[in-house]
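S.K.: A structural model of the following input is requested.
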Amino acid sequence: MMQPDQTPPAFGEIFRSFLRLGATAFGGPAIVPHMRAMAVERKRWVDGKTFDSGNAMAQVLPGAISVQVAAYIGLQIRGLAGALAACTGYILPAFLFMLALSALYTRWHTTAAAVAGFSGLRAVVIAILAHAAFLAARDYIKNKTCAAMALLAALLFGFRINPVLVILAAGLAGRLVFAAECCKPAMDLRQVKANFRQTGLLLTAVAIGFLLVYLLDEKLFPLALLMAKIDLFAFGGGYTSVPLMFHEIVEVRSWIDGKTLLDGIALGQLTPGPIVITATFVGYLLKGVPGAAVATASIFLPSFLIVVILSPGIDRLRQKKGFDGFINGILCSFVGLLTSTVLHFSSAMDWSWSMGLITAAAFAALFSRIPIVFVLLGGISATLMLR
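M.R.: Sure thing, here's the model as predicted:
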């Protein structure tokens, strides 16, 4: 909620504030403390308790965490239009950066220098994903049951079982294993009715948007649906979208190969914003600028809708019996899925002693908390020097 002595900011101010944040948002969720400093401390748009509630909500819902926090802040200060202004401002720099890099990639990626540079980038990306898998294991694997669920998920993904089915099965198993009785807060019927009307309007607008995409270019429609599906099941932050992208884009549809997707992930790490901005790269390679725009909008749409629709009742939802267990089961499965993806990408690499050294050095650098963009640039430099 707005602080009592504050007047709501103009939509332009919300957009510009998040545009500046988005232009420097390297590291994905690492930008969230900067959002807090801006929204709570400097501009005093929301109080600390309100911000922390939104951040906690984003941790347990699917989608890009930083995008959801931006939407939550905008929603609290200026409603639906405020959420849209915040998200658009935050995402736009990453989209424009990635669009430019994708265009350069299609033109120059076959040159000798680019081939060498991207081999180094791929080695670093494998280190980044391995580091993300380690951090996820540290945070989510609390006991032998969690470890068993992660191992089973990795094995199922290795046998090319649809990861969405693995995720849902893990959630249901977690609900049974980790469920606990909770108290249920009272329901505000007026809030429920208002939220129901807003949800109806939002879903109608989304349906019209997808229909327009289909009518304008029916080949873009499957791309839009796929990107929305990936974000809808990406619990635990942006890195959890990588196994889903790999499965759906590389293995199932063969739209691009594994090395090219690795290149897209690497470029995404060179840009500000969440890792799911790789969707811009995939869309551009498939259908140019229209494909990039549709893929980007679709990959962030579920994150936006989930926050807008669920934020009024998230406290009640989190108190429901089995909810935390469902989320815990999903997060355990993502440790296995992410680990399996690292192995898949590693098997597609053309390894040499220099590539192994770069991967090991990048892995160590990440533990030293060196910013990802500098680790990537270091990988490129090392590859070019070792040619």
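S.K.: Can you verify my assumption that Tyr72 contacts Ile306?
M.R.: No: assessed by CB atoms under 8 Å, Tyr72 is found out of contact with Ile306, at 10.3 Å. For the C-beta atoms, the positions are set from N, CA and C on the backbone; glycine is no exception.
S.K.: Looking at the two, which one has more neighbours?
M.R.: The residue with more neighbours, out of Tyr72 and Ile306, is Tyr72; 27 against 20, by other CB atoms under 10 Å.
S.K.: In terms of helices and strands, where is that one?
M.R.: helix 65-108 (DSSP states H and E).
S.K.: Next SSE downstream of that helix?
M.R.: Following helix 65-108 in sequence, per DSSP H and E, is helix 112-140.
S.K.: Find out how far that following helix is from the centre of the chain, if you would.
M.R.: Relative to its chain's centre, helix 112-140 lies at 16 Å (CA atoms, centre = their mean, to the nearest Å).
S.K.: re earlier: show me what the helix holding Tyr72 is packed against.
M.R.: Here helix 65-108 touches helix 11-22, helix 32-36, helix 48-60, helix 258-270, helix 278-310, going by 3 or more CB pairs under 8 Å, 6 or more residues apart in numbering; DSSP states H and E.
S.K.: Tell me how far Asn301 lies from Ala133.
M.R.: One thing to correct before we go on: residue 301 is Leu, not Asn. Leu301 sits 27 Å away from Ala133, going by CB to CB, to the nearest Å.
S.K.: correction: Leu310
M.R.: 28 Å.
S.K.: Who has more neighbours out of those two?
M.R.: The neighbour comparison of Leu310 against Ala133 (other CB under 10 Å) goes to Ala133, with 24 against 17.
S.K.: Next up, the contacts around Pro302.
M.R.: 62-63, 228, 231-232 (CB atoms under 8 Å, 6 or more residues apart in numbering).
S.K.: Buried only: go through those for me.
M.R.: Buried members of those, scored by 16 or more other CB atoms under 10 Å, are 62-63, 228, 231-232.
S.K.: For these, give me a markdown table that also has pLDDT.
M.R.: Output for the buried ones among the contacts of Pro302, formatted as a markdown table (pLDDT from 0 to 100):
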| residue | pLDDT |
| --- | --- |
| Pro62 | 85 |
| Gly63 | 84 |
| Ala228 | 95 |
| Asp231 | 92 |
| Leu232 | 90 |
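S.K.: just these now: which is nearest Leu331?
M.R.: Pro62 (10.9 Å; CB to CB).
S.K.: tell me the SS of the closest one?
M.R.: Here Pro62 is recorded as coil under DSSP: H, G, I helix; E, B strand; the rest coil.
S.K.: again with Pro9
M.R.: Following three-state DSSP, Pro9 is assigned to coil.
S.K.: pretty sure it contacts Val46?
M.R.: No: using CB under 8 Å, Pro9 is not in contact with Val46, being 11.2 Å away.
S.K.: joint contacts of those two?
M.R.: Listed as contacting both Pro9 and Val46 by CB under 8 Å, 6+ apart are Ile77.
S.K.: Could you find the closest non-adjacent residue to Ala23?
M.R.: Closest residue in space to Ala23, ignoring its immediate chain neighbours: Pro93 at 4.2 Å, by CB to CB, 6 or more residues apart in numbering.
S.K.: so how far is Ala25 from the one you found?
M.R.: Going from Pro93 to Ala25 by CB to CB gives 8 Å.
S.K.: which of the two has more neighbours?
M.R.: Ala25 (26 against 21).
S.K.: so what's that one scoring on pLDDT?
M.R.: If you check Ala25, the pLDDT there is 72.
S.K.: Can you give me every residue that contacts it?
M.R.: By CB under 8 Å, 6+ apart, the residues touching Ala25 are 31, 34, 66, 90, 93-94, 272-274.
S.K.: returning to that earlier point: hang on, the residue nearest to Ala23 packs against Pro272?
M.R.: Yes: judged on CB under 8 Å, Pro93 makes contact with Pro272 at a distance of 5.6 Å.
S.K.: Tell me the pLDDT of Phe345.
M.R.: You'll see Phe345 listed with a pLDDT of 85.
S.K.: what helix or strand is it on?
M.R.: helix 323-348.
S.K.: chain center to that helix, what's the gap?
M.R.: 14 Å.
S.K.: in that helix, what's buried?
M.R.: Across helix 323-348, burial judged by 16+ other CB under 10 Å covers 323-342, 344-345.
S.K.: circling back: among Pro9 and Val46, which residue is more densely surrounded?
M.R.: Neighbours were counted for Pro9 and for Val46 using other CB under 10 Å; Val46 has more, 22 against 19.
S.K.: For the more buried one, grab phi and psi.
M.R.: Dihedral pair for Val46: phi -130, psi 160, per degrees, to the nearest 10.
S.K.: Check the spacing between it and Gly82 real quick.
M.R.: From Val46 to Gly82 the distance is 11 Å (CB to CB).
S.K.: and for those two, which residues touch both?
M.R.: With CB under 8 Å, 6+ apart, Val46 and Gly82 have common neighbours Gln76.
S.K.: list the contacts for Cys87?
M.R.: Cys87 neighbours (CB under 8 Å, 6+ apart): 18, 67, 70-71, 74, 300, 304.
S.K.: So which of the residues you listed wins on neighbours?
M.R.: Result: Ala70 is most packed of these (other CB under 10 Å), 34 neighbours.
S.K.: Please list all residues in contact with it.
M.R.: Taking CB under 8 Å, 6+ apart, we find Ala70 in contact with 18, 21, 35, 86-87, 89-90.
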